[in-house]
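S.K.: next come a sequence and a model predicted from it.
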Amino acid sequence: MPSPYVRMLVDWDANGNYTGTYDDVTGNIRSMSFSHTRSSTTDYMNGAVLNVQLNNNDNLYSPPKESGDLYGKLVSGKNCVLRMWYPYDNFEDTTGTALTSHTVPYDSAFTWTTPVGAFKCHEDGYAELTTGAASFAIMDTLEYDTEISSEITTAPTSSTADFDVGLILRYIDTNNYIEVTANVSANNITCSKTIGGSASVLGTTAYTWGSNTKRTLMARVHGDKVRVYVDDAKVAAYSIGSTGTADIDYATKHGFRAKSSATAAKFHHFGGFRPLFKGKVKEIRPRPAKGNQYCYLRCFDSFEDMKLMQSHTYLLGSADKRENFPFRQTLIMGGKATSTSAESSEAIEDTESTYYLATRTGQQSERVFDGDNLLAMLYMVQDSEDGFIYVDGHGMFHFESHDHRGNDIHQQTVTVYQGSYDGTNAGYMQYAYDDGIDGVYNIVEFGTSRAEGVTNKTNSFTATTDLMWTDPSVESSAGAIAISSGETIYFIGKYRDNTNFGVNQVPSSPAPPGGGGAPGSLSGSDVIQIWTNADGTGTQLTPYRYATSEGPDAVDNVYSGFWGRIGVKNNHASLDGYITKVGIGMASVLYNVNEGIKRVEDSTSMTTHGHRRLTRDKTLFDDSGYAESAANHRLARVKDPIVRMRLDLINYDKATLLDIVHRRLSDRVHVIETGMGMSFSGYIDGYSIKFSQGNTVVEQTLHVTMAGVTTSAGKWGSARWGMFKWS
């Protein structure tokens with residue numbers, strides 16, 4: 001039975017890496033399970049959950065044990081990862097053994113070739129150049145849509161610039177391949193393709209790796225995209241573009257390379273890689289029992305973080321969601337992205353297709369929130385697009401548009417599952433059929449929201465019209481707030497407008513009184529006042545007013561909408577004081593906010609299945625026509641049953657294990673169930689995995705939904721669905 005190489009790592013030291021003495025918990029794992037599934041009724045992805053049972057006979061994982069090596073570190077919130085490789089090589093062999101003579105562990109059927117130069121193994125577990133000549137090492141991993149990973153120690157600083165290292169992807173021959181290179185001397189990472197012997201650069205990204213430094217280089221090829229990660233952090237994404245007559249799009253050989261002067265570079269832990277999970281430890285629960293002591297770890301991905309964060313802000317519409325980026329705006333609020341203008345931090349958009357139009361106005365189309373959690377907001381963005389949002393094994397947030405699965409890469413069947421293990425195709429042990437009736441909806445209602453207009457508010461430092469919050473401590477020293485010289489204190493206020501009864505008004509952008517900054521002069525009429533005495537006497541000190549997105553603790557897009565936050569700084573160079581009065585102004589309000597619902601329905605489905613209504617009143621649409629487009633797309637998907645299957649696999653043979661390791665969400669697969677006369681395409685919508693017997697036995701349950709098929713006709717060529725079989 002072939003087995004993968006599996007590692008689970010926990011950053012107990014909270015230092016941003018997994019190099020601590022006890023960070024690798026793999027050797028103590030008794031059993032482990034992982035689940036990442038999509039709800040059939042809501043279409044929302046559930047957060048990934050990792051459950052681990054660790055051997056704890058020495059109470060290493062017992063938080064109360066003061067003499068334990070991990071005492072004080074066994075707290076929730078520590079970062080953790082679960083990684084899996086197959087094929088895999090650690091290069092451990094007699095020092096000097098040629099790589100081509102080396103037996104690949106975990107599955108000796110995989111072999112190395114060196115079409116250029118030569119590598120040799122070392123007993124300490126790494127491969128290195130045999131001589132000072134540029135070299136390629138290539139292995140046929142049998143997968144073209146895959147991720148390749150290697151831990152690499154760069155060579156010491158050289159007098160030449162030719163000591164770079166990297167990965168080779170989709171290799172055909174020395175004239176046709178893709179390369180990701182860490183350019184140590186130039187401090188960048190370059191992705192290039194060589195077609196017909198002619199090399200062209202796909203992109204270069206600044207990155208300081210450093211000489212004589214060990215890092216993990218990961219590259220995922222998915223269709224036309226190459227995504228590059230270093231130590232699990234995203235570096236860049238590149239488009240492959242045309243490959244001409246050289247069919248490297250489906251080449252399955254991958255490897256690594258070193259340039260001629262990199263004789264001291266080392267390659268460790270190479271293989272076909274799958275980052276299965278990245279998240280945080282949320283529960284640590286030891287179970288002491290004599291002779292059988294163990295500890296449970298329960299870990300969650302970033303969906304859990306987003307669920308626990310509330311929003312008091314707004315998402316602004318302009319035209320479509322690609323221009324507007326509410327997906328990334330939401331991730332910025334949760335600290336998961338840094339920019340709305342491009343792929344940033346943990347945000348990934350998976351498609352180049354256009355999104356549904358969301359709004360036809362700007363500020364009048366704001367969706368304002370008052371305590372909604374960020375995960376609910378992500379679901380709202382998904383509903384507006386009728387797309388798919390999830391977190392992958394790198395911890396990256398993906399946003400697939402409504403037509404993502406119609407892209408070329410998802411029109412290709414990447415594997416076949418059948419009810420037998422033949423060594424060529426993946427086989428399943430058990431098959432479960434679900435007629436999909438629980439996911440049927442024939443009435444779909446999407447909400448709209450749009451204000452009649454925007455009223456700008458007078459907001460001066462001495463006469464703010466709309467004073468959101470005031471501390472009346474000028475009349476009594478009891479409420480004065482001490483503030484040291486140079487210190488900043490933050491205030492949060494909520495705006496209400498009760499002057500115009502019967503008119504629905506919603507606040508918009510909050511602002512410090514007078515627009516922020518330091519005032520030119522001071523008076524007893526100022527909206528913000530700082531005095532040297534708590535009773536509002538003595539010397540009046542100059543305040544500095546920070547907006548939400550400014551100051552030493554800036555939290556852009558976290559407080560706005562119903563709530564506003566400003567920072568008040570004691571701007572005096574040496575005197576301490578007391579804040580005796582604070583006001584927060586509003587820059588503008590939306591007035592006459594009109595909310596509506598666009599309803600679409602299918603009478604045939606209603607007759608067949610009864611009235612089944614799906615209402616999503618919170619979306620990003622401000623026009624019923626825009627809402628109708630997305631609602632019709634959802635209706636077309638769900639008005640008829642979507643056939644679902646559950647496949648139970650185990651790593652009995654190489655073909656099945658390759659699929660267990662390398663298949664991901666949204667991959668298009670083909671399922672054959674001969675007993676029921678079924679043979680059809682579907683998409684992976686979720687999975688769970690169980691590891692046992694020292695991670696040598698891997699059991700996977702796949703959740704697959706049928707691809708683009710209604711009861712009357714198939715979308716894919718001449719395929720036709722009827723009487724529970726394909727013809």
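M.R.: Nice, I can see it.
S.K.: how long is stretch 149-168 from one end to the other?
M.R.: Using CA to CA, to the nearest Å, the end-to-end distance of stretch 149-168 comes out at 10 Å.
S.K.: sort out which residues of it are buried, please.
M.R.: Buried residues in stretch 149-168, counting neighbours by 16 or more other CB atoms under 10 Å, are found at 149-155, 158, 163-168. For glycine as for every other residue, the C-beta is placed from the backbone atoms N, C-alpha and C.
S.K.: show me where pLDDT drops low in the stretch 351-500 of the chain?
M.R.: Residue ranges of the stretch 351-500 of the chain with pLDDT under 70: 351-353, 464-478, 495-500.
S.K.: re the thing from before, what's the farthest-apart pair in the buried residues of stretch 149-168?
M.R.: Considering CB to CB, no two members of the buried residues of stretch 149-168 lie farther apart than Ser149 and Ser158, which are separated by 25.1 Å.
S.K.: what's next to stretch 376-386, contact-wise?
M.R.: Stretch 376-386 is contacted by residues 42-44, 306-307, 311, 315, 321, 326-327, 330, 355-356, 358, 367, 369, 388-389, 397, 399, 401-402, 446, 616, 618-621, 630, 633-634, 637 when judged by CB atoms under 8 Å, 6 or more residues apart in numbering.
S.K.: what about that stretch, distance to the chain center?
M.R.: 15 Å (CA atoms, centre = their mean, to the nearest Å).
S.K.: repeat for stretch 41-52
M.R.: For stretch 41-52, the gap between its own C-alpha mean and the chain's C-alpha mean amounts to 14 Å (CA atoms, centre = their mean).
S.K.: and stretch 551-563, by the same measure?
M.R.: On the basis of CA atoms, centre = their mean, stretch 551-563 is displaced by 23 Å from the centre of the chain it belongs to.
S.K.: pull up the distance across that stretch, start to finish.
M.R.: The stretch stretch 551-563 measures 18 Å between its terminal residues, going by CA to CA.
S.K.: quick check: mean pLDDT across that stretch?
M.R.: In this model, stretch 551-563 has a mean pLDDT of 75.
S.K.: just the buried positions in stretch 165-184, please.
M.R.: Counting neighbours by 16+ other CB under 10 Å, the buried set in stretch 165-184 is 165-172, 176-184.
S.K.: low-confidence ranges in the stretch 501-650 of the chain?
M.R.: Scanning the stretch 501-650 of the chain with the threshold set as pLDDT under 70 gives 501-510, 556-557, 560.
S.K.: what ranges does it have for its strands?
M.R.: Under the criterion DSSP state E, counting those that start in this stretch, the stretch 501-650 of the chain carries strands at the ranges 505-507, 510-511, 529-531, 540-541, 543-546, 563-570, 577-581, 585-586, 588-601, 613-621, 644-650.
S.K.: host element of Val661?
M.R.: Counting by DSSP states H and E, the secondary-structure element that holds Val661 is helix 654-662.
S.K.: what's that helix packed up against?
M.R.: strand 79-89, strand 266-287, strand 426-427, strand 644-650, strand 697-706 (3 or more CB pairs under 8 Å, 6 or more residues apart in numbering; DSSP states H and E).
S.K.: turn those into JSON lines, including distance to Leu9 and mean neighbour count.
M.R.: Written out in JSON lines, the entries for the helices and strands packed on helix 654-662 read as follows (distance: least, CB to CB, whole Å; neighbours: other CB atoms under 10 Å):
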{"stretch": "strand 79-89", "distance to Leu9": "5", "mean neighbour count": "24"}
{"stretch": "strand 266-287", "distance to Leu9": "10", "mean neighbour count": "21"}
{"stretch": "strand 426-427", "distance to Leu9": "28", "mean neighbour count": "24"}
{"stretch": "strand 644-650", "distance to Leu9": "25", "mean neighbour count": "20"}
{"stretch": "strand 697-706", "distance to Leu9": "18", "mean neighbour count": "21"}
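S.K.: hmm, Leu541 is touching Ala573, no?
M.R.: No - in this structure Leu541 lies outside contact range of Ala573 using CB atoms under 8 Å: 10.1 Å.
S.K.: neighbour-wise, which of these two wins?
M.R.: The residue with the greater number of neighbours, taking Leu541 and Ala573 and applying other CB atoms under 10 Å, is Leu541; the counts read 20 against 8.
S.K.: thinking again about what came up before, angle of the helix holding Val661 against strand 697-706?
M.R.: For helix 654-662 against strand 697-706, the angle by axes from the mean of the first three to the mean of the last three CA atoms, to 10 degrees is 70 degrees.
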